[in-house]
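Participant: next input, structure requested:
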Amino acid sequence: MKLDISSLRQYIKPFDVFNPYELYALLRLRSEVFVVEQNCAFLDADNKDQVCLHLLIYQDEALAAYARLVPPGVSYREMSIGRIVTSKQTRGTGLGKELMKRAIQACYDHFGEGPIRIGAQVYAIPFYQSVGFVVDGEVYDEDGIDHVEMLRKTDAL
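Facilitator: The predicted structure follows:
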């Protein structure tokens with residue numbers, strides 16, 4: 001199934017303006033994927049959400065994709081994108097790549113030009129390489145899953 005971009009609605013919000021339904025939807029999506037699907041017990045509420053911006057992409061009335069836009073100095077010296085997730089129903093449609101393109105642009109729009117650093121699950125390296133990230137470090141264990149830092153320079157792609 002191919003992604004129909006015209007069916008998407010995007011919002012970028014700071015934490016303190018979420019209504020309870022939006023907050024519930026994003027926490028549920030993160031939990032469905034990172035805790036249930038990946039069978040990984042970890043504390044998702046890490047006290048970073050309050051200082052980040054949140055990119056939400058809705059398809060019809062459902063939250064289909066989400067990313068946390070992290071200002072420089074919070075997770076890394078550079079700005080970052082985290083909690084990158086698409087709903088199970090939308091996988092294979094190209095929404096993940098669309099989410100990343102929008103998240104990258106939103107980082108530049110809100111935090112200025114500069115490199116973006118992420119902590120990527122090792123299996124997803126090719127996906128992140130497809131949007132301009134390169135491996136920048138050694139593999140490390142985070143909550144029982146192999147990760148690696150990746151960096152995207154401003155002029156990538």
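Participant: which SS class is the residue nearest to the spatial centre of the chain?
Facilitator: Geometric centre of the chain, nearest residue: I84, 2.3 Å, by Cα atoms, centre = their mean. Recorded secondary structure, I84: strand (DSSP: H, G, I helix; E, B strand; the rest coil).
Participant: ok, now which ones touch it?
Facilitator: 66-68, 96, 99-100, 103, 118 (Cβ atoms under 8 Å, 6 or more residues apart in numbering). Every residue, glycine included, has its C-beta placed from N, CA and C.
Participant: packing partners for the helix or strand of the chain with the lowest mean pLDDT?
Facilitator: Every helix and strand in the chain was compared by mean pLDDT, DSSP states H and E; the lowest is strand 140-142, with a mean of 87. Contacts defined by 3 or more Cβ pairs under 8 Å, 6 or more residues apart in numbering; DSSP states H and E place strand 140-142 against strand 145-152.
Participant: so, low pLDDT: which residues of this protein?
Facilitator: 1, 34-44, 155-157 (pLDDT under 70).
Participant: and the lengthiest helix in the chain, how far out from the chain's middle?
Facilitator: Secondary structure of the chain per DSSP state H: the longest helix is helix 95-111. Centroid displacement of helix 95-111 relative to its chain, using Cα atoms, centre = their mean, to the nearest Å, is 9 Å.
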